[in-house]
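> the following block contains a protein sequence and its predicted model.
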Amino acid sequence: MADVRDILELERPVTPEISKDAILGIKKDIPAKKKMEKAAMKRPEGMHRELYALLYSDSNKDLPPLLPTDTGQGYKNVKAKLGMKRVRPWKWMKFTNPARKDSAVFYHWRRETDETKVYPFAMFDKKVDILSYTDAEYSTHLVSDTWTRQDTDLLFDLCQRFDLRWYVIYDRRPTHWSNKKIEDMKERYYEVTNKLKKVRNLSGPEGKIIAYDAEHERRRKQQLIKLWERTPKQIEEEQQLLSELRKIEARKKEREKKTQDLQKLISAADGSADVRKLKTNKKKVQPTKLPKTDTTAQSVESCTGIKFPDMKASGVSLRSQRMKLPASVGQKKVNAIEQLLGELGIELNPMATEDICQNFNDLRSDLVLMYDLRTILLNYVFELQTLKHQYESLLPGKTLEIPASLIINTGEDSPSRPRAISEMIDVVATPSTPNRKRKAALEQSNVLKKIKSRT
């Protein structure tokens, strides 16, 4: 009948769960008390589990303990664990504290077995070992012009009483020590102790010499006082000076970097010339074989002008591909190369023979190298002119002479004269078209001139 009801989608009575008790016909009634407990212990709907756990910690509805416990049963159910041994007897007895010098007697409860033991808190009574001196040692080694015997004895007595707590010692100093500072007291104490250690030849931790510089300590405190008493205006001025110092250091590093780059370019140009001389002395490669470039030449060319791609790929390739400029060359350098080649009467795309490819690439590499050197030279010359204007604006009536070897002739004074290669190479940046740095330098020099003229 259950299958028929399922086919017809009719409701059927709930089938009882099959268990051992159902098969045997045993009816097990749950006590009403347990049912009520289960119903009462159910977590209310909407309450978080962590919050409900704070209400009850076990099935007996015991409140959580006020103090951390390790029993897990709460403070209501903790039971004393009594053993079968006899309880150790306690006794009301008297005791003395060795740290006290007045022999005061106190009473407390204590086990009878610990009656003869020393008071346990006496272990915290720590004393500093202060060296003492005799009359003979003082008269022989410890006499001072600024400290008398009575003052020295009083100083060591204060050090013994207050365990070298120098600010307490300075506070408890006598009235006639008003002119003595804490540095003077420390200097006298360490001076005496160091001399005693040397005279007695003490070794180990007891014979360690302690160096104390009183003058350095005074200067240090004075500097701290000055640092603390700075005004907001002084702090702001200091921050400005620090920022200016950082700018000066940054400009110094930039100049050093430019100098290093210039030295690299000059050394690379000398090295490339030597490499080409070596190449001319080598034998020519057969035209039927693919040419192999020299590793040393590649390393030199990589750090100088243009690094052309190495055609070592398998398959057929055109020799003219070796003359193609790489993508790393900027458009400014490409324009400069084209104008120079036109000035020299050389084709932009010559016949790609073996000799022409090598010599044409070397020529363009030299042109790019000359372009870089020319740019760097113009920058340095312009900086020199800027410094000259600043010098003349700060010191009116004086002129700064620039050597003739450093003056670059751009050819503007004689238009009929044909421009040289060194002039033609600078087709992008000339002194007549300064960049941002040059404009800023010119504006700075003009501002300085105006300020100087007003004053």
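Sure, I can see it.
> just the CA trace of the helix or strand containing residue 5, in PDB.
Element membership of residue 5 [criterion: DSSP states H and E] is helix 2-7. Only the C-alpha atoms of helix 2-7 are listed here, as PDB (Å, rounded to 0.1, in the frame of the first residue of the first chain):
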ATOM      1  CA  ALA A   2       2.900   2.400   0.600                       C
ATOM      2  CA  ASP A   3       4.100   1.900  -2.900                       C
ATOM      3  CA  VAL A   4       0.600   2.600  -4.300                       C
ATOM      4  CA  ARG A   5       0.300   5.800  -2.300                       C
ATOM      5  CA  ASP A   6       3.700   6.900  -3.600                       C
ATOM      6  CA  ILE A   7       2.600   6.300  -7.200                       C
END
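> quick one: list the elements packing against that helix.
With contacts taken as 3 or more C-beta pairs under 8 Å, 6 or more residues apart in numbering; DSSP states H and E, helix 2-7 sits against no other helix or strand. All C-beta atoms are positioned from the backbone trio N, CA, C, and that covers glycine.
> could we number from 525 for the rest of this?
Let's use 525 as the start, then, which means that last one is helix 526-531.
> contact partners for residue 915?
With contact set as C-beta atoms under 8 Å, 6 or more residues apart in numbering, residue 915 has these partners: 922, 924.
> my read is it is in a helix, agree?
Yes - going by DSSP: H, G, I helix; E, B strand; the rest coil, the assignment for residue 915 places it inside a helix.
> what residues of the helix holding residue 529 count as buried?
Of the residues in helix 526-531, none count as buried by neighbour count, 16 or more other C-beta atoms under 10 Å.
> not counting sequence-adjacent ones, nearest residue to residue 880?
The shortest distance from residue 880 to any residue other than its chain neighbours is 5.4 Å, reached at residue 874 (C-beta to C-beta, 6 or more residues apart in numbering).
> and residue 617, helix, strand or coil?
Residue 617 is classified as strand under three-state DSSP.
> what about it, distance to residue 642?
Per C-beta to C-beta, to the nearest Å, residue 617 is found 13 Å from residue 642.
> phi and psi next, for residue 631.
Dihedral angles of residue 631 (phi, psi; degrees, to the nearest 10) stand at phi -130, psi 150.
> and for residue 769, the neighbour number?
10 (other C-beta atoms under 10 Å).
> for it, helix, strand, or coil?
helix.
> could you report the pLDDT at it?
As summarised for this prediction, residue 769 has a pLDDT of 94.
> just name the shakiest helix or strand of this structure by mean pLDDT.
Among the helical and strand segments of the chain, the one scoring lowest on mean pLDDT, DSSP states H and E is helix 819-826, with a mean of 36.
> next SSE after that one?
Downstream of helix 819-826, the next assigned helix or strand under DSSP H and E is helix 855-868.
> which strands and helices lie in contact with that next one?
Counting contacts by 3+ C-beta pairs under 8 Å, 6+ apart, the secondary-structure elements packed against helix 855-868 are helix 878-918, helix 945-948.
> any idea which of these gets closest to residue 754?
With C-beta to C-beta as the criterion, residue 754 lies closest to helix 878-918 of the helices and strands packed on helix 855-868, at 31.5 Å.
> so for the closest one, mean pLDDT?
Rounded to a whole number, the mean pLDDT of helix 878-918 is 83.
> repeat for stretch 688-708
Here stretch 688-708 scores 91 as its mean pLDDT.
> buried residues in that stretch?
In stretch 688-708, residues buried by neighbour count (16+ other C-beta under 10 Å) are 693-694, 697, 704-708.
> quick one: end-to-end length of it, please.
14 Å (C-alpha to C-alpha, to the nearest Å).
> what's next to it, contact-wise?
652, 654, 670, 675, 678-679, 682-683, 686, 709-710, 738, 741-742.
> can you select the buried ones from those in ChimeraX?
To isolate the buried subset of those in ChimeraX, counting by 16+ other C-beta under 10 Å, use the following:
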select :675,679,682,683,686,709,710,738
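> now, among the contacts of stretch 688-708, which is nearest to residue 794?
The shortest separation between residue 794 and any of the contacts of stretch 688-708 is 60.0 Å, and it belongs to residue 741 (by C-beta to C-beta).
> now do the strands in the chain.
For the chain, the strands defined by DSSP state E occupy 614-620, 629-635.
> tell me what the last one is packed against?
Strand 629-635 makes packing contacts with strand 614-620 when contacts are defined by 3+ C-beta pairs under 8 Å, 6+ apart.
> quick revisit: which of the helices and strands packed on helix 855-868 sits most buried?
Comparing the helices and strands packed on helix 855-868 by mean neighbour count (mean count of other C-beta atoms under 10 Å), helix 878-918 ranks first with a mean of 17.
> tilt between that one and helix 855-868?
Computed by axes from the mean of the first three to the mean of the last three C-alpha atoms, to 10 degrees, the angle separating helix 878-918 from helix 855-868 equals 110 degrees.
> follow-up on the earlier one: reformat the contacts of stretch 688-708 as JSON lines; add distance to residue 609.
Listed next are those as JSON lines, based on distance: C-beta to C-beta, whole Å:
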{"residue": "652", "distance to residue 609": "46"}
{"residue": "654", "distance to residue 609": "50"}
{"residue": "670", "distance to residue 609": "70"}
{"residue": "675", "distance to residue 609": "65"}
{"residue": "678", "distance to residue 609": "60"}
{"residue": "679", "distance to residue 609": "59"}
{"residue": "682", "distance to residue 609": "55"}
{"residue": "683", "distance to residue 609": "53"}
{"residue": "686", "distance to residue 609": "50"}
{"residue": "709", "distance to residue 609": "60"}
{"residue": "710", "distance to residue 609": "59"}
{"residue": "738", "distance to residue 609": "65"}
{"residue": "741", "distance to residue 609": "63"}
{"residue": "742", "distance to residue 609": "68"}
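> what's the burial count for residue 676?
Applying other C-beta under 10 Å, we find 18 residues neighbouring residue 676.
> please tell me how far it sits from residue 661.
Here the criterion is C-beta to C-beta. By it, residue 676 lies 12 Å from residue 661.
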